[in-house]
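Peer 1: Kindly generate the corresponding structure for this input.
(3 chains)
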Amino acid sequence: MASTELKENLKTQIIQYLNLLDITPEEIKDDTPLFGEELGLDSIDSIELIVLLEREYGIKITNPTQGRKVLVDVNQMAEYILKNSNKI
Amino acid sequence: MFITNLYSISPQKTFDNSFFDGEVKSFFGNKYYVQEPDYSALIPKGLLRRLGKAVKIGLGAGIPLIETKKDIDGIILGTATGGLNECYKFLNQIVKYDEGTLTPTSFVQSTPNSIAGHLALITNNIGYNNTHIGMGLAFESAILDAFLLFEEGEVAKLLIGSVDEASEHNYNIENFANYFKSIEIDSTNLLNCDSQGSVRGEGAAMFIVSNEKENAICELADVHQFTYPNDKNIEKRAIDFLEKNNMNIDDIGGLVLGFNGDNRYDFWYNDLINSFPETNIYTYKNLVGEYPTASGFATWLAAHILAGKIIPSEAIYKNASRLPQNILIYNNYQGTQHGFILMKAV
Amino acid sequence: MNKVFVTGMGVISAIGNNSAENLKNLRDGKSGVGPAKYLKSNYGKSHPFAEVKISTEELKARLEFKNKKGLTRTDLIAFTALKEALIDSNLTAKEISAEKTAFFSASTIGGMCHTDELYEDANLISSGSEYIESYFLSTHALKIAKEYQLSGIVGAINTACSSSANSIMLGAKLIKSGRATRAIVGGVDSLGKFSINGFNSLQIMSDIPCAPFDANRKGLNLGEGSAYLVLESEDIIGSKKRYAEILGFGNSNDAFHPSSLSEDAVGVVECISRAISNAQISPIEIDYINAHGTATGNNDITELIGIKKVFKGFPPFNSTKSFTGHTLAAAGAIEAVFSIFSIYNNELFPSLNCNTPIEPFNEFPIIEHKSAEIKTVLSNSFGFGGNCSSLIIRES
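Peer 2: Predicted coordinates for the structure are as follows:
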């Protein structure tokens, strides 16, 4: 899967899993910090994103430190998925 | 204690004045769902997105009150089941994913205390915070809890309330237990049909209560509860309750009764009516359905009656042409849990 | 205002089916955390739990409830502890069912411990199991009310992990206000997929025995159990044996996050301070703290911060959850009973598995069982939704 397509899918999935009302995929830039002020995500959201990675991409993140390195922005998430997923 | 402000989200349009303007909705079938306000002005987007229904209607009814009275000393709610839809969402996840990696939001939203917890969170209230879950007396226990705090002299103002939501999954369970009508009928006929079962409603009713009479809408004077009574002498219990408050039957201008159309239990209300021949009688479950904390809605309605609001005819069972100065609310849940709430005009 | 005394106690947990067994294992340092035997959950294979060491069928048989239908494991555990408390307090049937005897219980899972049946009933896969009317969190309280013909105030509370501390608080308040002369108070929770998966989804469940107040703690172990206390007013207690006095209580909300406590320990400091003020004592009079001590990353450091702020130091403290696991709604009541053990017998029990204290405080909890003059105890319980409660219990 091309990186762009993956990132677009990912943005839609992030919005769906986190039920981000009023946000369109276009409004999430590839480098928007996930846990920055713009999106306002918190610790429960980080767990939800880990569930997203497992359910959609078969990737299991087992420790919080690993999670923090991956869940930085859409770019980092996509890169990690391309490297580690056996589902795409 | 005195009610100084109140708010209701219910199957009727009670979050604004529409209900009292005559906009009364009737329902067909066994499920009466709430009519909801626009929450976006009340609840931050970031929080709203993950809220389950119970928390949403609880916040929707509570925040407008706390906004106007930020100095409340505590929050006490009654809810029999908390976030039911979230509870079943999480349950279904457990089975669907065979206990695999699950998302926590539904679990956190399902707990009964998450409503009072979110109210405290959103208003930054570190005061007393409690949630009562005793089914048909959960709201009455919340009132009792508030009385205790006022008597201790620890608080001046509290937010108390009731929240319960309907749920398709829970409906299935209650249906197995024969809670509901086997034939769907119109709500306008609910209290007339002589058959078993009732309908399922939901709603949130919130009140700011104060130990001071100033600016009060009415007084919440006393509460009493009993469970699995071993006799059916509701009259004696009502008289004893009134006597404890230095009152008698003649002092009661209005009864707000929890008739729900279930002929297994409605006799309790008929028996009481016989003892109060000169009293206005109001009903509400034909408007909002039956649910454990429905007496919260009854309290909301009673407060409006005492405040002199014109009450829609659909809520009036008998008009004895009195302007009630004192109202006795009597409700029972499944014929096993019974509660009285005494309210007075100010 | 009337003083409130404890005249009877009953407890069942992973470390004992009654008070005597619990006390013995506390003294012997024997934890009840380990592989679950009766639990139906995939996590039973990978995580230790603090299970009551009796099957549901056996619980039913011991209560002589063999022919009764619809009794959940939660109901049975509650009835077991309650029975012991009522016998211990020597209450007559008439006193139990008197109008001025109140009853307040608590649960966070209720009959939902039977998760498979709940799923099938709710999704119309079954034609209605025997538990149809048993799932609600307060059902056990109503069953108790029916069985014992309670005619006074009957209620149930859910403030997550501080629930039964609030039951005790309500009961004490009802007596102090004169609305009740007696109150039977406590709580119950049993293990079930619902709470196990709930806590696991928040990533706070440890796959090894929990280590409260240890720098390397990995989270909590879920447990099950129940405890009930019989509270009686000084006006009616006569010459009855008194275990202790419920001297004070405090309740507050941390108002920070739905499932974790604030860094400043706002809720913790508030509820402890309110309890101390309510008891009309000063902090220095607290001889020992039965901490909430769940062994989660968030709770233990926050609790230490809160304790330091109130006490300027650290009175002797432990977490008995290292023995019983986290019994959720039952924790407040079980730990009140354990606190009373310490007062009544002048002894302190260890907090297990703490090898490295948490920085920057570097404070070890009580490490070994020892005699000590214990007059006044603070017992903490903090739950989701920011619900923080503290009880102060004194010898009498």
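Peer 1: residue ranges with poor pLDDT in chain A?
Peer 2: The model of chain A has pLDDT under 70 over residues A:1.
Peer 1: And the helices in it, which stretches?
Peer 2: Along chain A, counting by DSSP state H, helices occupy A:3-17, A:43-57, A:64-70, A:74-84.
Peer 1: What helices and strands are in contact with the second one?
Peer 2: In this structure, helix A:43-57 makes packing contacts with helix A:3-17, helix A:64-70, helix A:74-84, helix B:105-110, judged by 3 or more Cβ pairs under 8 Å, 6 or more residues apart in numbering or on different chains; DSSP states H and E. Where you see a C-beta, it was placed from the backbone N, CA and C, and this is true even at glycine.
Peer 1: what would those helices look like in a markdown table with mean neighbour count?
Peer 2: Shown next, in a markdown table, are the helices and strands packed on helix A:43-57 (neighbours: other Cβ atoms under 10 Å in any protein chain shown):
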| stretch | mean neighbour count |
| --- | --- |
| helix A:3-17 | 17 |
| helix A:64-70 | 13 |
| helix A:74-84 | 17 |
| helix B:105-110 | 25 |
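Peer 1: What parts of chain A come near chain B?
Peer 2: Contact residues (Cβ under 8 Å from any Cβ of the partner chain) of chain A with chain B: A:17-22, A:40, A:44, A:47-48, A:50-51, A:54-55, A:60.
Peer 1: Pick out whichever of those sits closest to chain C.
Peer 2: Nearest to chain C, judged by Cβ to the nearest Cβ, of the residues of chain A next to chain B is A:Ile47 at 6.3 Å.
Peer 1: OK, contacts around the closest residue to that closest one other than its chain neighbours?
Peer 2: Spatial nearest neighbour of A:Ile47, chain neighbours left out: B:Pro104 (5.5 Å); criterion: Cβ to Cβ, 6 or more residues apart in numbering or on different chains. With contact set as Cβ atoms under 8 Å, 6 or more residues apart in numbering or on different chains, B:Pro104 has these partners: A:44, A:47-48, C:198, C:201-202, C:259.
Peer 1: Filter these down to just the buried residues.
Peer 2: Neighbour-count burial (16 or more other Cβ atoms under 10 Å in any protein chain shown) applied to the contacts of B:Pro104 gives A:44, A:47-48, C:198, C:201-202, C:259.
Peer 1: Out of those residues, give me the two with the largest separation.
Peer 2: A:Glu48 and C:Gly198 (14.3 Å; Cβ to Cβ).
Peer 1: The stretch 151-300 of chain B: helices as residue ranges?
Peer 2: Applying DSSP state H, counting those that start in this stretch to the stretch 151-300 of chain B gives helices spanning B:168-176, B:234-244, B:267-275, B:285-288, B:295-306.
Peer 1: if we can go back for a sec, could you dump the helices of chain A to TSV with distance to C:Val337?
Peer 2: As requested, the helices of chain A are exported to TSV (distance: least, Cβ to Cβ, whole Å):
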stretch	distance to C:Val337
helix A:3-17	43
helix A:43-57	34
helix A:64-70	35
helix A:74-84	49
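Peer 1: Select, out of the ones you listed, the one closest to B:Ser295.
Peer 2: Closest among those, using Cβ to Cβ: helix A:43-57, at 33.8 Å.
Peer 1: Point out the residues in chain A that sit beside chain C.
Peer 2: A:42-44, A:47, A:64.
Peer 1: and which of those residues is nearest to A:Lys29?
Peer 2: The closest of the residues of chain A next to chain C, once distances to A:Lys29 are taken by Cβ to Cβ, is A:Asp42, at 20.1 Å.
Peer 1: Check the gap between the closest one and A:Leu20 for me.
Peer 2: According to Cβ to Cβ, to the nearest Å, A:Asp42 stands 13 Å off from A:Leu20.
Peer 1: one step back: okay, the helices and strands packed on helix A:43-57 in CSV with distance to B:Ala138 next?
Peer 2: Below are these laid out as CSV (distance: least, Cβ to Cβ, whole Å):
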stretch, distance to B:Ala138
helix A:3-17, 33
helix A:64-70, 38
helix A:74-84, 44
helix B:105-110, 16
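Peer 1: C:Ile184 is nearest to which of the ones you listed?
Peer 2: helix B:105-110 (28.1 Å).
Peer 1: which parts of the lowest-mean-pLDDT helix or strand in chain B are buried?
Peer 2: Every helix and strand in chain B was compared by mean pLDDT, DSSP states H and E; the lowest is helix B:45-48, with a mean of 84. If you call a residue buried by 16+ other Cβ under 10 Å, then helix B:45-48 has these buried ones: B:47-48.
Peer 1: what about that helix and chain C, touching?
Peer 2: No - using Cβ under 8 Å from any Cβ, we find that helix B:45-48 stays clear of chain C, coming within 9.5 Å at best.
Peer 1: can you list the residues that contact that helix?
Peer 2: Residues outside helix B:45-48 that contact it (Cβ under 8 Å, 6+ apart): A:21-22, A:40, B:39-40, B:56, B:118, B:122.
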